[in-house]
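In: Pasting the sequence and the predicted coordinates here, then a few questions.
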Amino acid sequence: MKTTLPPLNERKPKTDADWLKTPYPNLIRYRPSGTYFGRVRVNGKLIRRSLETHVLSVAKVKLSDFLQDYRRLAINKGQSVKGEVIIEFFRKEIEDDANNQPRTKLYKREVLIALKKTWPELYSSEIARISQKDCNDWAARHGKDYSPTRFNGALGIVRRIFDIAVEHGYRVDNPAKFVDRRRVKPKELHLPSQAQFQEIASHIETSGAGQAKDCANLFRFLAFSGVRIDEARHVLWSDVDFEKGLLHVRVTKNSKARWLPLNSSLLQLLEKMRAARSAELPEKPVMQVFECQKSIDRAAKLAGVKRITHHDLRHLFATRCIESGVDIPTVSRWLGHQDGGALCMKTYGHLRDEHSQAQALKVAF
């Protein structure tokens, strides 16, 4: 038979007789329900919090976390600070972290700017008073204005801000830890065929612009090497070892240099460029322009293909490698990934399967 609870204003308030002591300090039990509670006095105020269990052994484990939380509060004597103070702690953490690359620091600063627009109360409110509902309300607002990738980045920063508040004793929990991350849909790649690639490169080179040939060289270099646009900007002639057939990519996203073998297309391109600029010193950059997006956009339109970006040329490189039979761990190393091929598998796994099926058609008994 279903029991109907009385309205809140008619329920019997908890009295001292409802609480049972246990042999363990700070651990009590609520007689009517049998639930264990932690009990502690912080700065003269008696605090009881449910440990959400009827099992003594579990309650003893949870009690330790409960006491640790409230000891943090006791350190600050129950004082609270506004969110902007904790955010300043976070800013300092960004700057002091030697593992943060300049682009990472810039990204986190940009997220904080966006965060202030969508959640100004995080800065102006007492950090201890912000609730899980406040976090969910912010997530709904922020998710409308930003992509899932940007949202997830912002959520990670929000969680870290509350973690800092907990570490400094201004909160006992992180209200953002239950906010769900957004699902990021894989980018659908629309890459040019080999013939379309050649046509785009030709349109770039013959555009009549002052640096048309240099733009075409950069376009081909990105596709033939798979390096990132920022990496290409730092490649010097001294990084090209024509004798050993290697390219040294020194300045990378993760600060870990790598060597790339010169495939035939990349080798021919670099030899042609070097022959035309044989008098240049080894410390001169190989690329004479550092971006060519407008040229690519115009050429793609003339060729009748979808718009592609500098980074899409990196995808094109990986795709051609896999279609040529290069295994994914090797392609991953060439791209400079540090995950043993997990990202490559996720992005290009379908190409490996298609290649495998095509090869199987060649097998006969």
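Out: Thanks, I have the structure now.

In: Just to check, His190 is in contact with Lys306?
Out: Yes. At 4.2 Å, His190 counts as touching Lys306 under the criterion of C-beta atoms under 8 Å. From N, CA and C alone the C-beta is placed, and that goes for glycine too.

In: With only the CA atoms kept, save stretch 196-216 in PDB.
Out: C-alpha atoms of stretch 196-216 as PDB (Å, rounded to 0.1, in the frame of the first residue of the first chain):
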ATOM      1  CA  GLN A 196      40.400  18.300 -58.300                       C
ATOM      2  CA  PHE A 197      43.500  18.900 -56.100                       C
ATOM      3  CA  GLN A 198      45.700  19.400 -59.100                       C
ATOM      4  CA  GLU A 199      43.100  21.800 -60.600                       C
ATOM      5  CA  ILE A 200      42.800  23.900 -57.400                       C
ATOM      6  CA  ALA A 201      46.700  24.100 -57.200                       C
ATOM      7  CA  SER A 202      46.800  25.200 -60.800                       C
ATOM      8  CA  HIS A 203      44.200  27.900 -60.300                       C
ATOM      9  CA  ILE A 204      46.100  29.200 -57.300                       C
ATOM     10  CA  GLU A 205      49.400  29.300 -59.200                       C
ATOM     11  CA  THR A 206      48.000  31.100 -62.300                       C
ATOM     12  CA  SER A 207      45.700  33.500 -60.500                       C
ATOM     13  CA  GLY A 208      47.900  36.500 -61.400                       C
ATOM     14  CA  ALA A 209      48.300  37.600 -57.800                       C
ATOM     15  CA  GLY A 210      51.700  38.900 -56.700                       C
ATOM     16  CA  GLN A 211      52.500  35.800 -54.600                       C
ATOM     17  CA  ALA A 212      50.500  33.300 -56.500                       C
ATOM     18  CA  LYS A 213      53.300  30.800 -56.900                       C
ATOM     19  CA  ASP A 214      54.300  31.100 -53.200                       C
ATOM     20  CA  CYS A 215      50.600  30.400 -52.300                       C
ATOM     21  CA  ALA A 216      50.600  27.300 -54.500                       C
END
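
In: From the rest of the structure, what touches that stretch?
Out: Residues from elsewhere that reach stretch 196-216 (C-beta atoms under 8 Å, 6 or more residues apart in numbering): 192, 219-220, 223, 287-289, 292, 295-296, 298-300, 302-303, 305, 308, 316.

In: again with stretch 122-134
Out: Outside stretch 122-134, the residues that reach it (C-beta under 8 Å, 6+ apart) are 80-87, 115-116, 121, 138, 158, 161-162, 165, 170-171, 175-176, 178.

In: Quick check: bridge partners of the closest residue to Leu56 other than its chain neighbours?
Out: Closest residue to Leu56 apart from its sequence neighbours, by C-beta to C-beta, 6 or more residues apart in numbering: Tyr36 at 7.1 Å. Counting by DSSP bridges, Tyr36 forms beta bridges with Arg29.

In: so where's the chain shaky on pLDDT?
Out: 1-15, 42-44, 71-79, 349-359 (pLDDT under 70).

In: sorry, back to before: quick one: buried ones out of the contacts of stretch 196-216?
Out: Taking 16 or more other C-beta atoms under 10 Å as the criterion, what is buried in the contacts of stretch 196-216 is 192, 219-220, 223, 287, 289, 292, 295-296, 299-300, 303, 305, 308, 316.

In: Pull the most distant pair out of these.
Out: Met287 and Val305 (23.7 Å; C-beta to C-beta).

In: continuing past the host helix or strand of Ala275, what's the next helix or strand?
Out: Using DSSP states H and E, Ala275 sits within helix 264-276. Counting by DSSP H and E, the next helix or strand C-terminal to helix 264-276 is helix 293-303.

In: all helices of the stretch 151-300 of the chain, in order?
Out: 194-205, 212-225, 229-232, 264-276, 293-303 (DSSP state H, counting those that start in this stretch).

In: before we move on, the earlier item: buried ones among the contacts of stretch 122-134?
Out: Of the contacts of stretch 122-134, these count as buried by 16+ other C-beta under 10 Å: 81-83, 85-87, 115, 138, 158, 161-162, 165, 170-171, 175-176.

In: which stretches of the protein form strands?
Out: 19-21, 27-30, 36-42, 45-50, 240-241, 246-249, 258-261 (DSSP state E).

In: quick one: which of the ones you listed is nearest Arg91?
Out: strand 36-42 (29.3 Å).

In: what's near enough to touch Leu115?
Out: Leu122, His142, Ala154, Ile157, Val158 are the contacts of Leu115 under C-beta under 8 Å, 6+ apart.
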